[in-house]
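[1] any chance you could fold what I've pasted below:
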Amino acid sequence: MANWCSNTVVFEGNPRAIEQIQGLFRAIADKQKIEDAGYLPDFNTTRNGHFFDIYWNEGDIGIFQYLTRWAPNIETLIEIADHYQATFTLGYEEMGCRVYGLATYRNVVLTDIFLEHDDFETYWFNEETDLYHFEGETYESDCEILETLLERKTAK
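    Coordinates of the predicted model:
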């Protein structure tokens, strides 16, 4: 069984392109409801990176949340962006395999900044207190720690 990677993608581009991307995601989500399977755009060539459980908040245009198996589907998103002449920013995480990162695609250039094994070793969880410890501070969740670590990598 797959570990599920949570993804949030924000597409940017001209309004017509974003409207078409919105329609693409709506069509994929509709297919999923009928067949309960992962889907790819018809023009996809990688045959990898299926979308599962797509959703978006009411009123959001070009912003989608969805699941993929094990890792983010960056190659599929690049194909979508190229097809519609758009750009994107993708935040992703699958903590079971220590996958956490931020990918941007602008001017046909992909920048993928992600945490590595050593980054995850900089903090620890105390099961007795149910708290995370990082740089002399305690946290109830590791979310802020992960964001701090990713921001530091992004600033480099």
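[2] pLDDT score for the closest residue in space to Phe120 that isn't next to it in sequence?
    Spatial nearest neighbour of Phe120, excluding adjacent residues (CB to CB, 6 or more residues apart in numbering): Arg98 at 5.1 Å. (Each C-beta comes from the backbone N, C-alpha and C, glycine too.) Looking at Arg98, its pLDDT is 94.
[3] residues contacting Arg98?
    Shown in contact with Arg98 (CB atoms under 8 Å, 6 or more residues apart in numbering): Leu115, His117, Phe120.
[4] equivalent analysis for Val99, please.
    Val99 neighbours (CB under 8 Å, 6+ apart): Cys5, Trp70, Ala71, Pro72, Tyr92, Glu93, Phe114.
[5] try Thr122
    Applying CB under 8 Å, 6+ apart, the residues near Thr122 are Phe134, Glu135, Leu149.
[6] what are the phi and psi values for it?
    phi -80, psi -10 (degrees, to the nearest 10).
[7] how much space between it and Lys156?
    15 Å (CB to CB, to the nearest Å).
[8] and the nearest residue to Trp56 once chain neighbours are set aside, what are its bridge partners?
    Distance criterion CB to CB, 6+ apart; nearest residue to Trp56, sequence neighbours excluded, is Phe64 at 5.1 Å. Applying DSSP bridges to Phe64 yields these beta-bridge partners: Val9.
[9] likewise for Arg106?
    On the basis of DSSP bridges, Arg106 is bridged to Val109.
[10] what about it, neighbour count?
    Residues within reach of Arg106, counting by other CB atoms under 10 Å, total 12.
[11] now do Asn73
    27.
[12] what of Cys143?
    11.
[13] same question for Met95.
    Neighbours of Met95 (other CB under 10 Å): 13.
[14] same thing with Leu67?
    So Leu67, with other CB under 10 Å, has 19 neighbours.
[15] got a list of what it touches?
    Trp4, Cys5, Ser6, Asn7, Phe51, Phe52, Asp53.
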